[in-house]
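In: below: sequence and its predicted model.
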Amino acid sequence: MVIPRFLGSTPTERPVAEHWFGAHPSAPSMLDGDGELPTYLAGDPERLLGADVVARFGPTLPYLLKLIAPVRPLSLQVHPDLSQARAGHEREESAGVDPLLRNYTDANHKPELVYALTNFEAVSGFRAPRRAAELLDGLDAPLAREMLGHLQASPTASGVRAAFTQLLVSGADGGASAVEATAAACAARLRSGRSPSARTDTIVTHLASAYPGDPGTVAALLLNPVTLHPGEAMFVPAGGVHAYLSGFAVELMANSDNVLRAGLTPKRVDIPEVLETIDWVAAPPIRIAPEMFDECTGVYYAPVDDFELSVATLDGQHDRRFPGRGPRLLLGLDGELSVTSDADPDGVTVARGQCVFVAADEGTVRLSGTGRVAQAGVP
């Protein structure tokens, strides 16, 4: 129960995979003594958010900050871009779709950044088609041979689309046995010691034990495996297929809960919508290295306008100016730090698991003490 312990609460038997900090209506944060964050922001948005943020994003936080700790692998999924989200949300609103059956709970895109607090395992983005073909070649399973045929016929984004579509459609049309046979072939190849990628076959075998017969288990043959070490970060753009497998991380994203699931979940899966949303171009995972503001603070600049992540580590020797602008959320990661601003020179103390909101008009933020803090801000 990593997240409850991090937050200082008592773990229960119920697994906790995520904890949100932000103003999304699905799970708005509570402010100490000031009610829900969205209501507080609506009281004076230009002062609290800044006129430029309100003009660009409306009277709410443009980002959502999370803690994420997969108890078992989370769903294979993709997020829409802004035009897809707006069109999908409008379409479902007009049709009066039951909220529980919607793909688009809001009209926003959902690019995201993951910052690892422990070793964090994932799959993200499509491999080069020829490499995916190498991993499928020799697997004694009909589904694997069909997917391989698509990639051999067209070692391009078109072939990747055909192979991935074959996998998802086969799995949805009562093809659990075909998926299980492919996963079993990966497990047998791993045991033989002749695997072209022991890491990939291990992932497939692990996923198959958690989600037997789910096509998402075999999808790992087409996707890039990723290991983030503590302090490393990865950006997942809209349209990027991914699944988070294990570990503990901070996740920062646009203020959206639009998730299109392809597998590895008991939740609703919409394969046609997934296939219309995916970016099929093969590309390596997008790792974001921090740009150092000073010897204590690194800023992870995501290639979007909605958010940026800053992380500061102080050793108690000096106080530091914490770069950032607009509305900010500061989340304590380790130790205990004092947070002051031009508007509040007395400040507050932030310990591990505690989060503080800093309004746009509070000016320069300074940190002192011993510990580490992550800051969500607006570029």
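Out: Noted; the coordinates are in hand. Numbering: from 1, shown residues only.
In: show me the contacts for residue 76.
Out: Under the criterion of C-beta atoms under 8 Å, 6 or more residues apart in numbering, the contact list for residue 76 reads 123, 216, 219, 241, 242, 243, 261, 262, 263, 264, 265. C-beta: built from backbone N, CA, C; applies to glycine.
In: show the contacting residues for the most centrally placed residue in the chain.
Out: The geometric centre of the chain, computed from its C-alpha atoms, lies nearest to residue 112 (C-alpha atoms, centre = their mean), at 5.1 Å. By C-beta under 8 Å, 6+ apart, residue 112 lies in contact with 79, 235, 236, 251, 252, 253, 254.
In: where's residue 273, which helix or strand?
Out: Using DSSP states H and E, residue 273 falls within helix 271-277.
In: what residues sit buried inside that helix?
Out: 271, 273, 274, 275, 277 (16 or more other C-beta atoms under 10 Å).
In: what's the burial count for residue 34?
Out: Using other C-beta atoms under 10 Å, residue 34 has 11 neighbouring residues.
In: before we move on, what about the one 3 residues further on?
Out: Applying other C-beta under 10 Å, we find 22 residues neighbouring residue 37.
In: can you name the next helix or strand after the helix or strand hosting residue 218?
Out: In this structure, residue 218 is located in helix 216-219 according to DSSP H and E. Downstream of helix 216-219, the next assigned helix or strand under DSSP H and E is strand 223-228.
In: check which residues of that following strand are buried.
Out: Buried residues in strand 223-228, counted by 16+ other C-beta under 10 Å: 223, 224, 225, 226, 228.
In: I'd like those as CSV, with pLDDT and distance to residue 325 appended.
Out: Formatted as CSV, the buried residues of strand 223-228 follow (pLDDT from 0 to 100; distance: C-beta to C-beta, whole Å):
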residue, pLDDT, distance to residue 325
223, 98, 36
224, 98, 34
225, 98, 36
226, 98, 31
228, 98, 27
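In: so for stretch 48-68, mean pLDDT?
Out: The pLDDT scores in stretch 48-68 average 97.
In: mind saving the C-alpha coords of that stretch as CSV?
Out: C-alpha atoms of stretch 48-68 as CSV (Å, rounded to 0.1, in the frame of the first residue of the first chain):
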residue,chain,number,x,y,z
LEU,A,48,-5.7,32.9,-8.2
LEU,A,49,-4.9,31.6,-11.7
GLY,A,50,-3.7,34.7,-13.5
ALA,A,51,-5.3,36.5,-16.4
ASP,A,52,-3.2,34.7,-19.0
VAL,A,53,-4.1,31.2,-17.7
VAL,A,54,-7.8,32.1,-17.6
ALA,A,55,-7.6,33.4,-21.1
ARG,A,56,-5.9,30.2,-22.4
PHE,A,57,-7.6,27.5,-20.3
GLY,A,58,-10.6,29.0,-18.6
PRO,A,59,-11.2,29.5,-14.9
THR,A,60,-9.6,26.3,-13.6
LEU,A,61,-6.2,24.6,-13.2
PRO,A,62,-5.0,23.5,-16.7
TYR,A,63,-3.2,20.4,-15.2
LEU,A,64,-3.9,17.5,-12.9
LEU,A,65,-1.2,16.1,-10.5
LYS,A,66,-1.3,12.5,-9.4
LEU,A,67,0.5,9.8,-7.4
ILE,A,68,0.5,6.5,-9.2
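In: follow-up on the earlier one: chain neighbours aside, what residue packs nearest to the residue nearest to the centre of the chain?
Out: Excluding its sequence neighbours, the residue lying closest to residue 112 (C-beta to C-beta, 6 or more residues apart in numbering) is residue 253, at 3.6 Å.
In: partners of that neighbour in the sheet?
Out: Beta-bridge pairing for residue 253 (DSSP bridges): residue 64, residue 112.
In: so who does the nearest residue to residue 228 once chain neighbours are set aside touch?
Out: In this structure, residue 228 finds its nearest non-sequential neighbour in residue 116, 3.8 Å apart by C-beta to C-beta, 6+ apart. Contact partners of residue 116, counting by C-beta under 8 Å, 6+ apart, are 228, 229, 230, 231, 232, 233, 247, 248, 249.
In: pop the domain breakdown of the chain in here.
Out: What automatic domain parsing lists as the domains of the chain is 2-22+61-123+226-287, 30-60, 128-221, 291-377.
In: isn't residue 129 right up against residue 155?
Out: Yes: between residue 129 and residue 155 there is a contact under C-beta atoms under 8 Å: 4.2 Å.
In: and the two? Which one has more around it.
Out: More crowded of residue 129 and residue 155, by other C-beta under 10 Å: residue 129, with 21 against 17.
In: dihedrals phi and psi, the more buried one?
Out: Here is the backbone geometry of residue 129 (degrees, to the nearest 10): phi -50, psi -40.
In: how many neighbours does residue 266 have?
Out: Neighbours of residue 266 (other C-beta under 10 Å): 9.
In: residue 270 now?
Out: 15.
In: state the pLDDT value of residue 172.
Out: 67.
In: where do the strands sit along the stretch 1-150 of the chain?
Out: 18-21, 30-31, 35-36, 63-68, 76-78, 112-116, 120-126 (DSSP state E, counting those that start in this stretch).
In: distance from the chain centre to the fourth one, please.
Out: To tie it back to what came earlier, the one meant is strand 63-68. 8 Å (C-alpha atoms, centre = their mean, to the nearest Å).
In: which strands or helices does that strand pack on?
Out: Applying 3 or more C-beta pairs under 8 Å, 6 or more residues apart in numbering; DSSP states H and E, we find strand 63-68 packed against helix 2-7, strand 18-21, strand 249-254, strand 365-377.
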